[in-house]
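1. turn this into a structure:
(chains A, B, C and D)
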Number of protein chains: 4
Amino acid sequence: MAGNTFGSAFRITTWGESHGPAVGAVIDGAIPGIEITAEEIQKELDRRKPGQSNVSTPRNESDTVEILSGVFEGKTTGTPISLLIRNSNQHSSDYDSLRDTPRPGHADFAYAEKYGIRDHRGGGRSSGRETVGRVAAGAVAKKILSEFGIKVVCHTTRIGGVSADPDVLSKLSFEEIKNNIEKNSVRCADLTTAAQMEAAVAAAKERGDSVGGIVEGLICGVPAGLGEPVFDKLDADLAKAIMSIGAVKGFEIGVGFAAAGAFGSVLNDAFEIQNGEIRTATNNAGGILGGISTGEIIRFRAAIKPTPSISKVQKTVNTAEMKEAEISIQGRHDPVIAPRFVPVGEAMAAIVILDHLMRNEALHLLKTNQTVNQNK
Amino acid sequence: MAGNTFGSAFRITTWGESHGPAVGAVIDGAIPGIEITAEEIQKELDRRKPGQSNVSTPRNESDTVEILSGVFEGKTTGTPISLLIRNSNQHSSDYDSLRDTPRPGHADFAYAEKYGIRDHRGGGRSSGRETVGRVAAGAVAKKILSEFGIKVVCHTTRIGGVSADPDVLSKLSFEEIKNNIEKNSVRCADLTTAAQMEAAVAAAKERGDSVGGIVEGLICGVPAGLGEPVFDKLDADLAKAIMSIGAVKGFEIGVGFAAAGAFGSVLNDAFEIQNGEIRTATNNAGGILGGISTGEIIRFRAAIKPTPSISKVQKTVNTAEMKEAEISIQGRHDPVIAPRFVPVGEAMAAIVILDHLMRNEALHLLKTNQTVNQNK
Amino acid sequence: MAGNTFGSAFRITTWGESHGPAVGAVIDGAIPGIEITAEEIQKELDRRKPGQSNVSTPRNESDTVEILSGVFEGKTTGTPISLLIRNSNQHSSDYDSLRDTPRPGHADFAYAEKYGIRDHRGGGRSSGRETVGRVAAGAVAKKILSEFGIKVVCHTTRIGGVSADPDVLSKLSFEEIKNNIEKNSVRCADLTTAAQMEAAVAAAKERGDSVGGIVEGLICGVPAGLGEPVFDKLDADLAKAIMSIGAVKGFEIGVGFAAAGAFGSVLNDAFEIQNGEIRTATNNAGGILGGISTGEIIRFRAAIKPTPSISKVQKTVNTAEMKEAEISIQGRHDPVIAPRFVPVGEAMAAIVILDHLMRNEALHLLKTNQTVNQNK
Amino acid sequence: MAGNTFGSAFRITTWGESHGPAVGAVIDGAIPGIEITAEEIQKELDRRKPGQSNVSTPRNESDTVEILSGVFEGKTTGTPISLLIRNSNQHSSDYDSLRDTPRPGHADFAYAEKYGIRDHRGGGRSSGRETVGRVAAGAVAKKILSEFGIKVVCHTTRIGGVSADPDVLSKLSFEEIKNNIEKNSVRCADLTTAAQMEAAVAAAKERGDSVGGIVEGLICGVPAGLGEPVFDKLDADLAKAIMSIGAVKGFEIGVGFAAAGAFGSVLNDAFEIQNGEIRTATNNAGGILGGISTGEIIRFRAAIKPTPSISKVQKTVNTAEMKEAEISIQGRHDPVIAPRFVPVGEAMAAIVILDHLMRNEALHLLKTNQTVNQNK
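-> Residues are numbered from 1 along each chain as shown, chains lettered A, B, ... in the order given. Alright, predicted model coming up:
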């Protein structure tokens, strides 16, 4: 047990159930002296919040964050930052019928098998609401990273059968992607395709169904040298961080699964000298070689399954009576998860990068010393 | 730094460079009283060993394991098991030309950036030889798991443009897959396709090139309830374990990236009652829901990139002179990595499962107690 | 950084500053299905609360705990338990004069050196108020341990020059010690000596001074076999847990420092058979041999320094002006810490024992299996 | 289980049994580019080695260390350093009589209870020989610390009834202590008292008995700011590290248990300005306040019990026959452990300091950045 803490030098612990009193996170290892406000965290929480459009659940959560510790006179102190978000909208009775009928595609059955006890109200701890703590903590990580010039963005590249146009995406700058995704409900940076994605979501919703997607993550400004082989490789930790988010079924770095069909001569990124620096001509590696950042943009992708909660009738069992049953899940549920994954994926990616950045600093100390020695 | 230990309750630490005196692993947390011999570990090392066919490197490593601690009178004692494998075949001078020319697709550049110093002989710690320690430790994990009825197998499902036939695979039992993969050099359980894969490998080799692939892992016998949400989910830890293996560019659980194009109504695995037990009619989830095992077979896939070492001429830089250069990598190199990933993937998967099994036992204790109490 | 999490299988994370909005703890790894109420936790917090007598600070803290997660329908669910205690009585302005004058014996200077920034209000994170989170989490640990028949108590054995009578203590049962310590303000189980201790405290207070003490901890019902050599030995982890509490300057297990002057023939505890069980005739070891519990009572002691905050004038420096200064600390401060250490020591000891209990359960599983095999 | 790894950013894993093939350690997180030779490690192992005088066991161990990885061209590479020491002198048959008779004061009984299986030859993993791995790893830590100007020494201050003269010790410099302890078999820096200690040891040996002692540790050159409150405090981690060494029954920092009888006004270390720096007039705190180093010398003490193996007849039980028995332990055993604790204590203290040093460097990075920003 005890799997609710992530990270080593920069470490978050999240807690809270969907329909309990509150959810939250404790951040340990934040660099002291960084300016941070509740508003900055709130902004990220608002991006995660549902009810903003017809593709996300109309549940009206206020999700107001309170900073309970670790910040003094507007700056981090290096002590734990405790973040609290009250659950304001709890229709627990909506879920009474689910006490004995595990929802297909949900964690209900697995939790009951594991713990012997289960908070059936909205999935309890397995609810997507658990990500509130991640996003709040990630907001702090993103703020600290920005002090080092490191930026993270996620954007939807596929919804169901509709994919963003790679040519369109390749012409967008990091900032353009960041701006474009807030212009549509599916968070797709290719604005033309975004409309088609929205139509695909609406069609699925119409049928009482849901649809999956793919989200790409980009991390800019990471210096070469982050990642701790052979187990805590940067891509391995990114994979764990992203796969730990509910509904994620796959993770790729760089070309990912396309590597299976490729030849080495094509896939290897040639080294070259650009403006006096060693860079790679291409970035099929996705910014990581041997588990260590190369200084190029880090590029990953996550496969997100369709929302398991659908109103279409599904087969399940009644565990109390041990007989087969049918279920039609009513209530407020997004017909697609991918767009809401965006802020969560950004949060987890930021946490991984910051954690590795802080694990690596002794090397910088040494490099400084070496410089000093050379001056002698 | 310090990223060479994996696991929590069952924990391995690996060490060793490609052309240093030896490689090895320390296993901490092995259940005491389990019979284990050097021969059982050797058998797995022999599966990893190159030189067995024309698709794997002709380097003639003896790779003899020595058990240095933790086993007494043929049984584990619960104390650390130290495993040592001497490097017997060290042609370090082969690599002299690589001191200042990072190989494209290799970790050479990233290591130099990170550590400021690099063992250039055969990649040093970033060499595939690092996996010897993983396989040795994994052999112990597999032996312990077998005491609990848990079995792991990996098999190649794709090499370059050639994929195994899903219909053929679906008719094979776990044991048939296990047997079939040892009948061909690409470790493909679909024996007809295996020959085509071998041809694809040979063709790439002929051109001085290399080719990628996909390997699927199957884990049978895992009880429902393993995995520690919300960060140490079973699939998240499997992802980290698999992605930490060199050359892996992607990870999927269950349907994986295919989930992106699927509808919820199709992807959700309906619950049903089979022989008095709750099971799922399908297994699109891959045996894990909400990060917890469901009792179904756990199914994952890894995307493996082509061997970066190719004899074809590639562009790189000379870091000492800071000018562009060309490189043609000679020596003994597999033109494909996927088949040799098989024993490594099995090892890491076994380690993850055993680690989570041991992290979970307090629950079993409680269940036992509850039974006792009910008897009062 | 990031040192605010303790434990492995049962893990607590505490947060909060003396004069911030709140303090609290997150518990991860609590066994599911255990009944726990806010009242049970409150009871322990009330034991920690100052203002109960003339030896403890008159600050009137309400310290009401709120359970924010991890408990459903009165039982633990196995998910993180978040505990929140608002700080209700914040006279921050009392501390304005301390912004630039580190208090001797306090962590003020060290925090400023470490973090470059410091919450000077009442010590911030270094305040004794930090222990609220430990006590709240410890209450849950104690409740779970009680389900396994394990009990923990701490009691004051020395204050300044006054020591409890060993003969009196040796005749008291565990329950009598537990009851006696609540009968006096110094938490001494030897009621006659307690009065002298109270007088010693009053005398120090009268002089604007403070006084140190020793607290002994007893843990009953721990089965043989807990502790993970060679680093996570049970006594090593107890030492860390106790030494991590503010003001503790020493830790002993069993005879402790008296071992230095003893002969092996006297100190070794002879094994004997009592009621068909192997026991030791004496318990100089304090219930732990080789870092593993022996089944005897675990006995440890902690040396607690005098309260550093005293009204007597002390020498210090003004760090802003870099010149020497004087300080007389006013406000509400206990003249002795030892009695208030009691509930904190119990909490940390309980957490260590529960953590090791949960780390050990795979062995129990194996023992069960072995029995089954022998039945074949 | 799994308790054989210590440290976080600088991490050691030790392995090996007294009478198995070998013992050793794996070091993870060593700063790259540090010159280290087998000879430097050997020198520390030789200090640990028995047989140097009549107070230590005459067992003639060669204890030759082999560096198996992590060092290339004479320098650390940042990858794991694996150290191997073969066990050359294994008289296992000496121990046959101990298979069923646990030695009083030894871990035999506790190991058997924990693991259900035990390597009875010389205590197996619980043997003092386990410390070989600690000392080898500590030699690397000491070498790295010396690059930062940090030095560690331990010296015996008490054996049985004989204590070193505090006045003599207070006049010795760090280097004098370091030199003096190698001039006598008890490693006492007060050379006059050393002779009396040697006599006390000889007298105990004569009677077939053994005697305890106290060892003090001094750490110089640690900058202010090391230690991670509230759990990974520097003194808490030192306590764990020292208490994890076999035979240690107590730990003190600064004045330690003497704090119990002291007044706050006497114990508090006044701050003052010395040569433009803030220092304390006294160092009762032992160089650590609030779990963070203050920049003063760190001073700790360990209480070491008498060797449990004595030739005097002791009572024990025969566990196979479940009846009481007698035991007289023959063979080569030191009549005192304290002097041999010295190199082990130094090793563990060095490991703790280096670990915390490396955990703290992100702060230094930030300080550097702030300077840079101010220059803009």
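2. following the helix or strand where A:Ile12 lies, which helix or strand comes up?
-> Under the criterion of DSSP states H and E, A:Ile12 resides in strand A:11-16. Downstream of strand A:11-16, the first helix or strand assigned by DSSP H and E is strand A:22-28.
3. between that following strand and strand A:11-16, how many degrees?
-> Counting by axes from the mean of the first three to the mean of the last three Cα atoms, to 10 degrees, strand A:22-28 points 170 degrees away from the direction of strand A:11-16.
4. for the record, mean pLDDT for the longest helix along chain A?
-> Secondary structure of chain A per DSSP state H: the longest helix is helix A:338-359. The average of the pLDDT scores along helix A:338-359 is 96.
5. send me it as CSV with only the CA atoms.
-> Taking C-alpha atoms only, helix A:338-359 is exported to CSV below (Å, rounded to 0.1, in the frame of the first residue of the first chain):
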residue,chain,number,x,y,z
ALA,A,338,-8.5,13.6,-23.5
PRO,A,339,-9.1,17.4,-23.3
ARG,A,340,-9.4,17.3,-19.5
PHE,A,341,-6.2,15.2,-19.4
VAL,A,342,-4.3,18.2,-20.8
PRO,A,343,-3.8,20.2,-17.5
VAL,A,344,-3.2,17.0,-15.6
GLY,A,345,-0.5,15.8,-18.1
GLU,A,346,1.2,19.1,-17.9
ALA,A,347,1.2,19.0,-14.1
MET,A,348,2.7,15.5,-13.9
ALA,A,349,5.3,16.3,-16.6
ALA,A,350,6.3,19.4,-14.7
ILE,A,351,6.6,17.5,-11.5
VAL,A,352,8.9,14.9,-13.1
ILE,A,353,11.2,17.5,-14.7
LEU,A,354,11.5,19.5,-11.5
ASP,A,355,12.1,16.4,-9.4
HIS,A,356,15.0,15.4,-11.7
LEU,A,357,16.3,18.9,-11.9
MET,A,358,16.6,19.0,-8.1
ARG,A,359,18.1,15.5,-7.9
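6. if I look at the closest residue to chain B within the stretch 151-300 of chain A, what pLDDT would I see?
-> In the stretch 151-300 of chain A, no residue comes nearer to chain B than A:Gly290, which is 2.2 Å away by Cβ to the nearest Cβ. Using the backbone N, CA and C atoms, a C-beta is placed for each residue, glycine as well. We note a pLDDT of 97 for A:Gly290 in this prediction.
7. what's the nearest residue to it if we skip its chain neighbours?
-> Nearest residue to A:Gly290, sequence neighbours excluded (Cβ to Cβ, 6 or more residues apart in numbering or on different chains): B:Ala107, at 2.2 Å.
8. does that neighbour touch A:Ser293 like I think?
-> No: using Cβ atoms under 8 Å, B:Ala107 makes no contact with A:Ser293, being 11.1 Å away.
9. between the two, which one's more packed in?
-> Taking neighbours as other Cβ atoms under 10 Å in any protein chain shown, B:Ala107 and A:Ser293 compare with B:Ala107 leading, 29 against 26.
10. distance of that one relative to A:Gln42?
-> Distance of B:Ala107 to A:Gln42, computed by Cβ to Cβ, to the nearest Å: 41 Å.
11. same question, A:Met348
-> 19 Å.
12. between the two, who's got more neighbours?
-> A:Met348 (33 against 17).
13. contacting residues for the more buried one?
-> For A:Met348, the contacting residues are A:134, A:138, A:241-242, A:244-245, by Cβ atoms under 8 Å, 6 or more residues apart in numbering or on different chains.
14. where does A:Ile327 fall, phi/psi-wise?
-> The phi/psi pair for A:Ile327 (degrees, to the nearest 10) reads phi -140, psi 140.
15. what about it, how many residues nearby?
-> A count of nearby residues for A:Ile327, using other Cβ under 10 Å, gives 23.
16. ok now do it, which residues does it touch?
-> Contacts of A:Ile327 (Cβ under 8 Å, 6+ apart): A:101, A:103-104, A:313-316.
17. spatially central residue in chain A, please.
-> Central residue of chain A (Cα atoms, centre = their mean): A:Gly345, 1.7 Å from the mean position.
18. so it touches A:Ala302, yeah?
-> Yes: here A:Gly345 reaches A:Ala302: they are 6.2 Å apart, a contact under Cβ under 8 Å.
19. next, the closest residue to A:Ala285 other than its chain neighbours: phi, psi?
-> Of all residues not flanking A:Ala285 in the chain, A:Gly254 sits nearest, at 4.8 Å (Cβ to Cβ, 6+ apart). Note on A:Gly254: its backbone torsions stand at phi 60, psi -130 [degrees, to the nearest 10].
20. show me where the stretch 51-200 of chain A has its helices.
-> A:108-115, A:131-147, A:166-170, A:174-180, A:191-206 (DSSP state H, counting those that start in this stretch).
21. so which of those helices gets nearest D:Gly264?
-> Closest to D:Gly264 of the helices of the stretch 51-200 of chain A is helix A:131-147 (Cβ to Cβ; 38.2 Å).
22. any weak-confidence spans in chain A?
-> Along chain A, the model assigns pLDDT under 70 to residues A:51-61, A:89-94, A:361-376.
23. contact partners of stretch A:287-297?
-> Outside stretch A:287-297, the residues touching it (Cβ under 8 Å, 6+ apart) are A:218-220, A:222-230, A:232-236, A:253-254, A:277, A:279-280, A:283, A:285, A:298-299, B:105-107, B:109-111, B:113-114, B:126, B:244, B:246.
24. take those and keep only those in helices.
-> Counting by DSSP H, the contacts of stretch A:287-297 place A:234-236, B:109-111, B:113-114 in helices.
25. what's the closest of those residues to B:Ile31?
-> Ranked by distance to B:Ile31 (Cβ to Cβ), these are led by A:Ala236 at 26.1 Å.
26. who are the contact partners of A:Thr307?
-> Neighbouring residues of A:Thr307 by Cβ under 8 Å, 6+ apart: A:210, A:247, A:333-337, B:264.
27. does the strand holding A:Ile12 reach chain D?
-> No: if you take Cβ under 8 Å from any Cβ of the partner chain as the test, strand A:11-16 misses chain D, and the best it gets is 10.8 Å.
28. and the angle from that strand to helix A:131-147?
-> 150 degrees.
29. now strand A:11-16 and helix A:338-359, what's the angle there?
-> Using the same axes, to 10 degrees: strand A:11-16 against helix A:338-359 is 140 degrees.
30. for A:Ala110, give its distance to D:Leu289.
-> A:Ala110 is 48 Å from D:Leu289, by Cβ to Cβ.
31. so which of these two has more stuff around it?
-> D:Leu289 (32 against 28).
32. for the more buried one, what are phi and psi?
-> The phi and psi values for D:Leu289, taken as degrees, to the nearest 10, are phi -130, psi 130.
33. ok, A:Lys75 - contacts?
-> Contacts of A:Lys75 were listed using Cβ under 8 Å, 6+ apart, and they are A:32-36, C:117.
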